[in-house]
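Engineer: show me how the following folds:
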Amino acid sequence: MKKLRYLGLLAMGLLFFVTSCSDEQDFSQIDDLNITPTISSGLFYFESDEETINTAGALSTFYSREATFNAFSERFVAEHVLEGSIGYVIENTTSKEIQIAIQFLNDDGRVLDTEIFDIEADPSGILTREVFYGTGGKSLDILVNTTGFRILARNLGDGTSESSTQDSKIILQSGGEFLFELQ
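Structural biologist: Sure thing, here's the model as predicted:
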């Protein structure tokens, strides 16, 4: 008899537990969910010492390089980017006035956009620039269709002078932030 009473209490407790802890689930909330992550990445880094610039000579290109950029090659990524920005930081401690051109290239090698930097000779300080793409900035199509960069650096000064700064060089750093909408 005692066993039957314990079994009855156990059954009632189990029934109470099952009914009190269950709630109907609503999975339609995912339809209202908007995820907009921001992805940051370094894009390119360029550095050249004054000796290399002098070796190239006055009024000449001392650096030329193309780099692949496949960030938007996946259609899903290209279709969901909302906006972006590319930041540039340039420091020149050489005795040369320098011009740097960064060309955004598509699959065919056609130039989509160009950013030009005219940098004064030392002491020029640190030059920073942030370029926005999308709402309130340049066309987002530039970013979406870019598959590579061409970086050109020209010495606009002479080919003999040297800076009084030890280990003088030109340094360009670049990074991007891109906002995506995922659903």
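Engineer: buried residues, stretch 50-62. List them.
Structural biologist: 50, 52-54, 56, 62 (16 or more other C-beta atoms under 10 Å). To be clear about C-beta, it is placed using only N, CA and C from the backbone, and glycine gets the same treatment.
Engineer: wait, stretch 115-124
Structural biologist: 115, 117, 119, 121-122, 124.
Engineer: next helix or strand past the lowest-mean-pLDDT helix or strand in the chain?
Structural biologist: The helix or strand of the chain with the poorest confidence is helix 2-20; it has a mean of 66 (mean pLDDT, DSSP states H and E). For helix 2-20, the following helix or strand on the C-terminal side (DSSP states H and E) is strand 38-49.
Engineer: export whichever helix or strand comes after that following strand as CSV, just CAs?
Structural biologist: The helix or strand immediately downstream of strand 38-49 is helix 50-56, counting by DSSP H and E. The C-alpha atoms that make up helix 50-56 are tabulated as CSV, following Å, rounded to 0.1, in the frame of the first residue of the first chain:
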residue,chain,number,x,y,z
GLU,A,50,65.0,57.6,-48.3
GLU,A,51,68.0,55.8,-49.9
THR,A,52,65.6,53.8,-52.1
ILE,A,53,63.8,57.1,-53.1
ASN,A,54,67.1,58.7,-53.9
THR,A,55,68.2,55.7,-56.0
ALA,A,56,65.1,56.1,-58.2
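Engineer: just the mean pLDDT for helix 50-56, thanks.
Structural biologist: Across helix 50-56, pLDDT averages out at 93.
Engineer: give me the residues contacting that helix.
Structural biologist: Helix 50-56 has contacts (C-beta atoms under 8 Å, 6 or more residues apart in numbering) with 62, 94-96, 98, 155, 159-163, 168-170.
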